[in-house]
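S.K.: with the sequence up front, the predicted model follows.
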Amino acid sequence: MNLVLVSSAFIISFVLVLITIPPILRIARAKHLFEPFEDRKIHKTTIPPMGGVAIFIGFTLSSIIATDGLSFDSLKYIIASVIAMFFIGLKDDLLVISARKKLGVQIFASVILITLGNVRFTNLQGILGVHEIGFFTSILISIFVMVAIINAYNLIDGIDGLASGITMVGATAFGIWFYLSGNTQFSIMSFALVGSLAGFFLYNVFGNKNKLFMGDTGSLIIGIVISTLVIKFNEFNIGYTGPYAVNAAPAISFAIIIVPLIDTLRVMTIRISNGISPFTADNNHIHHQLLKLTPTHINITLLILITNIIIITISVFLSRMNINVNIQFILVLLCGIAFSLIPSLIIRYKTNKKSETSPQFT
């Protein structure tokens, strides 16, 4: 029965997105709801950033329908936080708002989840030698992690299929574990997100004339949902001794969401080292670097997804070896950093090689 519920969440969300995107596109074109052109933007045609509306509909309705009859007290607060992200994201897509207002709503949505939905860290499971943490420390750490994840997923949304693709990989990994460990409600929620993004992915990558972006509406929604899954994955593994217990939940959850986190850390480091604000938009993201090596979006997306899966596999292997959680965390971090540096190193090598072979005139 649980498998039927999880499968129905995926199917319902997938179908809902497929049938809602066409009318959304018609409305967007009729009302001229398009992203304004920016020099740093990769796409040079008018494309509606309204995919987040379909993702919102697919995720919320399928989660509510598939969990009907199950005890899921946190769901109403999760949906409430998603609604907050939906409206601030939609306003930003259509009107553009200040980063301060957007951050304020992100913190507000996080506080709803933490205080009312009980979605918060209570134990760091050995990270830096820390285990149980106090209530107020728990709130502060949980807010920081949620806001960091939300913004990381918002920033990684730069080429076709990337944000939706890495989110599907992450939500699938969490969803499988939740299902195997008996936490069916969160497995349903995970696959409701996967189904919604799968439907969006088809239009975003293969839509041609029916292409649309997820916009901030979509990226903020997936950010808040993924942050919820990260925290619950860690919390459910505290004291869990079942056959699917995870030795180092913090390291594995970090590996699952490592691509957007490392990319955000990388671009902010570059901006600060160049003496500019870490929140200034630029073309230093990992996908921008890969575009210099191959112009095909789907190839870049698949390469990043495969790399993400490899890092997740490595983290699971390390967990099975019962290595100290801090060592696992560092190894996963090093894998992510190495991956993020490879494109830049290849570009530098090709540039140096080209300069060496170019004819010298005196």
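M.R.: Now that the structure is in, tell me what you want to look at. Numbering: from 1, shown residues only.
S.K.: any idea where the strands of the stretch 1-150 of the chain begin and end?
M.R.: In the stretch 1-150 of the chain, strands defined by DSSP state E, counting those that start in this stretch lie at 123-127, 130-132, listed in chain order.
S.K.: may I have the strands that pair with the last one, each with its orientation?
M.R.: The one in question is strand 130-132. According to DSSP bridges, strand 130-132 has the following sheet partners: strand 123-127 (antiparallel).
S.K.: count of neighbours near Ser344?
M.R.: For Ser344, the tally of surrounding residues (other C-beta atoms under 10 Å) stands at 15. Every C-beta, even on glycine, is put in place using the N, C-alpha and C of the backbone.
S.K.: repeat that for Cys335.
M.R.: Neighbour count for Cys335, taken as other C-beta under 10 Å: 18.
S.K.: Arg320 too?
M.R.: 11.
S.K.: right, and it touches Asn247 too?
M.R.: Yes. In this structure, Arg320 sits in contact with Asn247. The criterion is C-beta atoms under 8 Å, and the distance is 7.3 Å.
S.K.: helices and strands of the chain: which one bottoms out on pLDDT?
M.R.: Taking mean pLDDT, DSSP states H and E as the measure, the helices and strands of the chain show their lowest mean at helix 286-291, namely a mean of 80.
S.K.: after that one comes which helix or strand?
M.R.: On the C-terminal side of helix 286-291, the closest following helix or strand by DSSP states H and E is helix 297-320.
S.K.: that following helix: which residues count as buried?
M.R.: Along helix 297-320, these residues count as buried under the neighbour rule (16 or more other C-beta atoms under 10 Å): 297, 300-301, 303-305, 307-309, 311-312, 315-316, 318-319.
S.K.: do the same with stretch 108-128
M.R.: For stretch 108-128, burial by neighbour count (16+ other C-beta under 10 Å) applies to 109-114, 117, 119-127.
S.K.: for stretch 339-348, same thing?
M.R.: Buried positions in stretch 339-348, judged by neighbour count with 16+ other C-beta under 10 Å: Phe339, Ser340, Pro343.
S.K.: repeat that for stretch 85-92.
M.R.: Across stretch 85-92, burial judged by 16+ other C-beta under 10 Å covers Met85, Phe86, Ile88, Gly89, Leu90, Lys91, Asp92.
S.K.: surely the last one and Asp216 touch.
M.R.: Yep, that's Asp92 we're talking about. Yes. With contacts defined as C-beta under 8 Å, Asp92 counts as touching Asp216 at a distance of 4.4 Å.
S.K.: how many residues are close by the residue lying closest to Ile257 once chain neighbours are set aside?
M.R.: Excluding the flanking residues, the one nearest Ile257 by C-beta to C-beta, 6 or more residues apart in numbering is Gly170, at 5.6 Å. Per other C-beta under 10 Å, the neighbour tally for Gly170 reads 28.
S.K.: for this protein, which segments count as helices?
M.R.: Listed in chain order, the helices found in the chain under DSSP state H are 2-30, 51-66, 75-94, 99-111, 135-156, 162-180, 184-206, 215-236, 249-256, 258-273, 286-291, 297-320, 325-357.
S.K.: what mean pLDDT does the fifth one get?
M.R.: Averaged across helix 135-156, the pLDDT comes to 95.
S.K.: now swap in the longest one and tell me
M.R.: Helix 325-357 carries an average pLDDT of 83.
S.K.: by how many degrees do that helix and helix 258-273 diverge?
M.R.: Angle of helix 325-357 versus helix 258-273, following axes from the mean of the first three to the mean of the last three C-alpha atoms, to 10 degrees, is 60 degrees.
S.K.: helix 325-357 relative to helix 249-256, how many degrees between them?
M.R.: Orientation check (the same axes, to 10 degrees): helix 325-357 against helix 249-256 gives 30 degrees.
S.K.: number of residues surrounding Gln328?
M.R.: Applying the criterion other C-beta under 10 Å, we find 25 residues in the vicinity of Gln328.
S.K.: surely it meets Ala251?
M.R.: Yes. Between Gln328 and Ala251 a contact is recorded at 3.8 Å, counting by C-beta under 8 Å.
S.K.: now do the shared contacts for these two.
M.R.: Any residue near both Gln328 and Ala251 by C-beta atoms under 8 Å, 6 or more residues apart in numbering counts here, and that gives Ser315, Leu318, Ser319.
S.K.: what residues are up against the nearest residue to the second one once chain neighbours are set aside?
M.R.: The spatial neighbour of Leu318 that comes closest, neighbours along the chain excluded (C-beta to C-beta, 6+ apart), is Gln328 at 4.7 Å. Contacts were defined as C-beta under 8 Å, 6+ apart; by that measure Gln328 touches Ala248, Ala251, Ser315, Leu318, Ser319.
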